[in-house]
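*Asks:* Coordinates for the following, if possible.
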Amino acid sequence: MDNEAPSSDSDTATETETATKSESESTPELEAIAEDVEKYARFKKVDGAQYDRVNEFLRDRTYITAREWAIARLCSDFRTETGVEMTKIGENLPELVPFMTDTYTPQAVNQARASFESKVTQAGATFLYGAMSGFFSADELDELMYEVTETAKFLLEVEGVELDVADELEVEDRISSVMREVRAASDEMRTAETDE
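*Replies:* Numbers count the residues shown, from 1 in each chain. As a prediction, the model looks like this:
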């Protein structure tokens, strides 16, 4: 891909190899842009942004690449009762996401989605281990939650999600409450194991 710098992740290298310019035979159905593709309004806030800049921003703050982020969002938005419309996503990728310039095969879309899911699981395990291990005080955990919440909110805003302040505060309170419970439960668990 001309504007997508490959990351050091082996799964991303595989995606880069399988992502391809559209080589499928054109049919009247493919030539006409689907109505839901035409009306897709996510990522409009990064119109004109280069893949490398979006990717660098994400790499500095998350485990995911711009490719994985965009495709995970598309897979969520183009889910039907029978599954995800991988072909539609891949063939219309440049129309759907401003910083993507190449089309993808359905296999490449699936690989990027699987890579996203794997990284979210790994990041979640790392975060929970840090929270449960006692490495952070309750105040440090609150500060950490604030930082990661700000990044998550920014990504949602870039996707065009309008965040109501009251809803934001409610979500932050719920997350903080859950994290305090996790910390308290892990403290009890570690204390019980030490007493045995």
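*Asks:* Once you drop chain neighbours, what's closest to residue 149?
*Replies:* Excluding its sequence neighbours, the residue lying closest to residue 149 (CB to CB, 6 or more residues apart in numbering) is residue 172, at 5.9 Å. C-beta coordinates here come from the backbone N, C-alpha and C atoms, glycine included.
*Asks:* ignore the last one, residue 113
*Replies:* In space, not counting the residues next to it along the chain, residue 113 is nearest to residue 75; the distance is 4.8 Å by CB to CB, 6+ apart.
*Asks:* Surely the one you found touches residue 111?
*Replies:* No: Residue 75 sits out of contact with residue 111 when judged by CB atoms under 8 Å, with a separation of 11.5 Å.
*Asks:* Just give me the neighbour total for the residue nearest to residue 149.
*Replies:* Taking other CB atoms under 10 Å as the criterion, the count of residues near residue 172 is 16.
*Asks:* next one: phi and psi at it?
*Replies:* The main-chain torsion angles of residue 172 are listed as degrees, to the nearest 10 and equal phi -60, psi -40.
*Asks:* got the residue ranges for the strands in this structure?
*Replies:* Remark: strands assigned in the chain by DSSP state E are 79-80, 83-84.
*Asks:* and those strands, which is most packed in?
*Replies:* Most buried of these by mean neighbour count (mean count of other CB atoms under 10 Å) is strand 83-84; its value is a mean of 14.
*Asks:* And the pLDDT for the residue most central in space within the chain?
*Replies:* Relative to the mean C-alpha position of the chain, the nearest C-alpha, by CA atoms, centre = their mean, is the one of residue 69, at 3.6 Å. Looking at residue 69, its pLDDT stands at 97.
*Asks:* Can you tell me how far the closest residue to it other than its chain neighbours is from residue 185?
*Replies:* Spatially, and ignoring its direct neighbours in sequence, residue 69 is nearest to residue 58 (6.1 Å; CB to CB, 6+ apart). From residue 58 over to residue 185 the distance is 32 Å, taken as CB to CB, to the nearest Å.
*Asks:* Comparing the two, which shows the higher neighbour count?
*Replies:* Under the criterion of other CB under 10 Å, the comparison of residue 58 against residue 185 puts residue 58 first, with 18 against 11.
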